[in-house]
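**Student:** fold the following for me, if possible:
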Amino acid sequence: KRGREEHLIHRTVERPWGSYTVLERGEGYKIKRIVLKPRSKLSLQRHRRRSEHWVVVSGVARVTRGTEVYWVHTNESTFIPVMTMHRLENSGNEPLQIIEVQNGDYVEEDDIERFEDDYGRP
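**Tutor:** Coordinates of the predicted model:
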């Protein structure tokens, strides 16, 4: 049906580093479950129009935020402000699962500026 977005919710998208599933979206926000394969990482990136909150559900995340590099464990969280360079890494041998809450006036996948990418993406 025209204008409906059910096909955008609960669809798992595979990426070289793992996968993500959009759990919910609304005006100014999107919630995702992100699973990183062992020994994988996202690109070093930033977003112009959204911030991100990451809650670690299982595993241990290595987070780069600006010039900081630190660890976030299960049941801990971190915040990535708008326009802040960041990266999420799984240095472990088990999958890393996080819940990501995006907030901003535009929460689409094309709001990304990559600086380093292990998979050759622009």
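**Student:** now do the same contact list for residue 71.
**Tutor:** Residues near residue 71 by Cβ atoms under 8 Å, 6 or more residues apart in numbering: 60-63. (Glycine included, C-beta is placed from N, CA and C.)
**Student:** so it bridges to which residues?
**Tutor:** residue 62 (DSSP bridges).
**Student:** start the count at 52 instead of 1 going forward.
**Tutor:** Fine by me, first position is 52 from now on; the one you just mentioned is residue 122.
**Student:** contact partners for the residue lying closest to residue 115 once chain neighbours are set aside?
**Tutor:** Excluding the flanking residues, the one nearest residue 115 by Cβ to Cβ, 6 or more residues apart in numbering is residue 138, at 4.1 Å. Listed by Cβ under 8 Å, 6+ apart, the contact set of residue 138 reads 92-96, 114-115, 167.
**Student:** make sure residue 138 is indeed in a strand.
**Tutor:** Yes. Counting by DSSP: H, G, I helix; E, B strand; the rest coil, residue 138 falls inside a strand.
**Student:** residue 157: what secondary structure?
**Tutor:** On the basis of three-state DSSP, residue 157 is classed as coil.
**Student:** pLDDT wise, what is the residue nearest to it when sequence neighbours are not counted at?
**Tutor:** If the residues on either side of it in the chain are set aside, residue 157 comes closest to residue 100, at 4.0 Å by Cβ to Cβ, 6+ apart. Note for residue 100: predicted pLDDT of 98.
**Student:** hmm, residue 162 and residue 100 touching each other?
**Tutor:** Yes. Using Cβ atoms under 8 Å, residue 100 is in contact with residue 162, at 5.2 Å.
**Student:** more neighbours: these two, which one.
**Tutor:** residue 162 (17 against 14; other Cβ atoms under 10 Å).
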